[in-house]
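Colleague: can you look at this prediction? I've put the sequence above it.
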Amino acid sequence: MSGSNNLNSGSTRRLDDMTKMVSLCKRRGFVFQSSEIYGGINACWDYGPLGIELKLNIKKAWWNSMTRRPDVEGLDAAILMHPQVWKSSGHVDGFTDPLVDCKKCRNRFRADQISGKACPNCGGELTEPRNFNLMFKTFMGPVEEEASVVYLRPETAQGIYVNFQNVQVTSRRKIPFGIAQIGKAFRNEITPGNFIFRTREFEQMEMQYFVKPGSDEEWMSKWKAMRMQWYLDYGFNKENLQYHQHGEGELAHYAKSAFDIQYKFPFGWQELEGIHNRTDFDLKRHQEASKKNLEYFEEATKEKFIPYIIETSAGCDRSLLACLCDAYAEEVAKAEPGEKGEDDVRVVMRFHPKLAPVKVAFLPLSKKEELSAPTRRMQEEFIEDMVTQYDEASSIGKRYRRQDEIGTPLCVTMDFDSLNDKKVTVRHRDTMAQDRVDMTQLKEYVNAKLRNFSK
């Protein structure tokens, strides 16, 4: 769509500037800078009242899509693990980025993200590249010594691998089956940025699917298609999604093949989720280091083998940022019915209803007790089932705009006519259309509209 700052009547424009999103997120309570009253801390963010609801909805949608299957189990592994886990996985020796410093302005850069030998900021001379390990170290116990070093996990996947046998035996799973986990991970990134896209503390949604060698490419293809469809099912625009296959130079040492699902952010196409064929690399490494037999015995064929792993790895924070960017729209909108004033530009967040932080807003036309009291009683009928808001401040048009900006799908307005005809006005976020609905049928109406969403 057009990148112009002018909107023709009726036209809609996507987000084209991340500063708008950062501003909206703070203004409306989605995301705040961590420790802001002390000047903030770089690449760490706090999720506000609306942000945490959106994040929980994304995690719930992902979790249900994974574990409401007959072949995937859930897990919550500890953040702190035996340091040998990270030695065996290759993270201690190989989880590094090449780092260079500018001798003039002292800025640091990843060597693989700059071209030439001069500083991109000031043109100064750069140091020779040196490897920088991305794992955060800490110490377990009262003494800070080498023997007590532990790491904040840089990924959740290893917790799944070391629990492969525990889950398989206790759940009596036959291969193929998967283990899903949502959890925090930590990376001491050299160049974090683009708001919550690349941070030092983040949340991952990962599923490791264990398959028989020889069937891995078939399952790779299936999970690749299923994961793309998940984003489409939750309202993401198809034109903003694409696959990116890892070429020979990009492919990780443990991977047989790898694809990214990329999203077209305002700052360009970037990875949203990775789908990787990790072969038997991880289980083999842990078997060798731990001396524990991690082979699987297939009763039907009497075969023993170490399973191959198909990994789906999504960043929850990146998914949330993509969700915000995809939902954002600016459009010229006519004044609300009964409102004075000219057409204006409204910002509307077109979230899928299952992801929207607030599902329904209840708005009395007047602050008078005769309207506000029954409106609050009406809201109470919905509170146990969904997140709602009550708002009586400002004109009804301004209140609708506030709800548009946080992505509330439906607004319910009680007016003075409601006291006689027992009907309320339901206003739709995306079309601004209004329906008059009998109060006794309101809950059924709202549930049907939220359930039968189409973009």
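Modeller: Good, I have the coordinates.
Colleague: any buried residues in stretch 165-172, and which?
Modeller: 165, 167, 168 (16 or more other Cβ atoms under 10 Å). C-betas here are computed from N, CA, C, even on glycine.
Colleague: could you dump that stretch to CSV, C-alpha only?
Modeller: The C-alpha trace of stretch 165-172 is given here as CSV (Å, rounded to 0.1, in the frame of the first residue of the first chain):
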residue,chain,number,x,y,z
GLN,A,165,13.0,-40.3,27.4
ASN,A,166,11.2,-39.1,30.5
VAL,A,167,8.2,-37.8,28.5
GLN,A,168,8.2,-40.8,26.1
VAL,A,169,8.2,-43.4,28.8
THR,A,170,5.7,-41.7,31.2
SER,A,171,3.2,-40.8,28.5
ARG,A,172,3.8,-44.1,26.7
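Colleague: can you list the low-confidence ranges for the stretch 151-300 of the chain?
Modeller: Applying pLDDT under 70 to the stretch 151-300 of the chain flags no residue at all.
Colleague: tell me where it has helices.
Modeller: 157-161, 164-170, 216-233, 281-290 (DSSP state H, counting those that start in this stretch).
Colleague: got the CA coordinates for the third one in CSV?
Modeller: Just to be clear, that refers to helix 216-233. Extracted in CSV, the C-alpha atoms of helix 216-233 (Å, rounded to 0.1, in the frame of the first residue of the first chain):
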residue,chain,number,x,y,z
ASP,A,216,11.9,-36.9,8.4
GLU,A,217,11.4,-35.1,5.1
GLU,A,218,7.8,-36.0,4.9
TRP,A,219,7.2,-34.6,8.5
MET,A,220,9.3,-31.6,7.7
SER,A,221,7.0,-30.8,4.8
LYS,A,222,3.9,-31.3,6.9
TRP,A,223,5.0,-29.1,9.8
LYS,A,224,6.2,-26.4,7.4
ALA,A,225,2.6,-26.2,5.9
MET,A,226,0.9,-26.5,9.3
ARG,A,227,2.9,-23.7,10.8
MET,A,228,2.2,-21.3,7.9
GLN,A,229,-1.5,-22.1,8.1
TRP,A,230,-1.5,-21.2,11.8
TYR,A,231,-0.6,-17.6,11.0
LEU,A,232,-3.3,-17.4,8.3
ASP,A,233,-5.9,-18.9,10.6
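Colleague: what's in contact with it?
Modeller: With Cβ atoms under 8 Å, 6 or more residues apart in numbering as the test, helix 216-233 has contacts from 61-62, 65, 176, 209, 211, 238, 241, 243, 256-257, 259, 261, 272-273, 275, 277, 279, 308, 310, 312, 314.
Colleague: name the nearest residue to residue 240, sequence neighbours excluded.
Modeller: Leaving aside its chain neighbours, residue 240 sits nearest to residue 264 (4.4 Å; criterion: Cβ to Cβ, 6 or more residues apart in numbering).
Colleague: and the contacts of helix 216-233, which of them are buried?
Modeller: 61-62, 65, 176, 209, 211, 241, 256-257, 259, 261, 272-273, 275, 277, 279, 308, 310, 312, 314.
Colleague: residue 304 against residue 296, yeah?
Modeller: Yes. Counting by Cβ atoms under 8 Å, residue 304 touches residue 296, with 7.1 Å between them.
Colleague: tell me the contacts of residue 259?
Modeller: Contacts of residue 259 (Cβ under 8 Å, 6+ apart): 224, 243, 244, 245, 246, 274, 275, 276.
Colleague: could you rerun that using 10 Å?
Modeller: Counting by Cβ atoms under 10 Å, 6 or more residues apart in numbering, residue 259 touches 220-221, 223-224, 227-228, 243-246, 273-277.
Colleague: what's the burial count for the residue nearest to residue 350 when sequence neighbours are not counted?
Modeller: For residue 350, ignoring the flanking residues on the chain, the nearest one in space by Cβ to Cβ, 6+ apart is residue 327 at 4.8 Å. Neighbour count for residue 327, taken as other Cβ atoms under 10 Å: 22.
Colleague: cool, thanks, talk later.
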